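Asks: Fold the stuff below for me.
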Amino acid sequence: MLFGRSIFQTVLTRLEEEGAEDEPPEASPAFRVTGLNASFVAATSEASPAASSSVAEAYLEAFAEPSRHDAPPETVTDPDVPAAMPAHLLRLSEGEIAEDLAITAADTAETLAEKRRHFARNNHPDRIAAAFRDNATQRMKIANLLIDQAIRELYWRSS
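Replies: Numbering: from 1, shown residues only. Reported below is the predicted structural model:
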């Protein structure tokens, strides 16, 4: 503290004093952003109905139903060909999921977190086709429960 004030307060006071001396009386408002004097939309010399309709069409095209090429590979399905359920999504028992996770007593919190991420990468419902999301959700619930139990046991052993 310098003379009853903190260093921060002293610096602020000094900056305010310097700013008051440097500013002309008709200074621009503090909230104004300088350097953005031009608009972001280019002005056209004439506005034709054809130009405005093509702009409207382009805008609506952008929000049209996405093409099959825009979708991630997991969600692209052909309506005529039924997709086969991945084999790992059929393993729904707690024992099978524990086997997939391979949790051991030597696991640390970091390794358990890594196992959770790895399991979610392969089983998260958002990454699975819509028809198989119920199984993926069930697997994630059980896996999260098992990993949470392992973390709880880890902290009980260490205390």
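
Asks: how near is residue 98 to residue 130?
Replies: 27 Å (C-beta to C-beta, to the nearest Å). From N, CA and C alone the C-beta is placed, and that goes for glycine too.

Asks: who has more neighbours, the two?
Replies: Neighbours were counted for residue 98 and for residue 130 using other C-beta atoms under 10 Å; residue 98 has more, 16 against 10.

Asks: host element of that one?
Replies: Element membership for residue 98 (DSSP states H and E) is helix 94-101.

Asks: pull the CA atoms of that helix into CSV?
Replies: This file holds the C-alpha atoms of helix 94-101, laid out as CSV (Å, rounded to 0.1, in the frame of the first residue of the first chain):
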residue,chain,number,x,y,z
GLU,A,94,-22.9,-55.6,-16.5
GLY,A,95,-20.4,-58.4,-16.7
GLU,A,96,-19.8,-58.0,-20.4
ILE,A,97,-19.4,-54.3,-20.1
ALA,A,98,-17.0,-54.7,-17.2
GLU,A,99,-15.1,-57.1,-19.4
ASP,A,100,-15.0,-54.5,-22.2
LEU,A,101,-13.8,-51.8,-19.7
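
Asks: Please point out which parts of that helix sit buried.
Replies: Buried residues in helix 94-101, counted by 16 or more other C-beta atoms under 10 Å: 97, 98, 100, 101.

Asks: Check which helices and strands that helix is in contact with.
Replies: When contacts are defined as 3 or more C-beta pairs under 8 Å, 6 or more residues apart in numbering; DSSP states H and E, helix 94-101 packs onto helix 109-123, helix 133-158.

Asks: now these as TSV including mean pLDDT, mean neighbour count and distance to residue 90?
Replies: Listed next are the helices and strands packed on helix 94-101 as TSV, based on pLDDT from 0 to 100; neighbours: other C-beta atoms under 10 Å; distance: least, C-beta to C-beta, whole Å:
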stretch	mean pLDDT	mean neighbour count	distance to residue 90
helix 109-123	92	14	12
helix 133-158	90	15	7
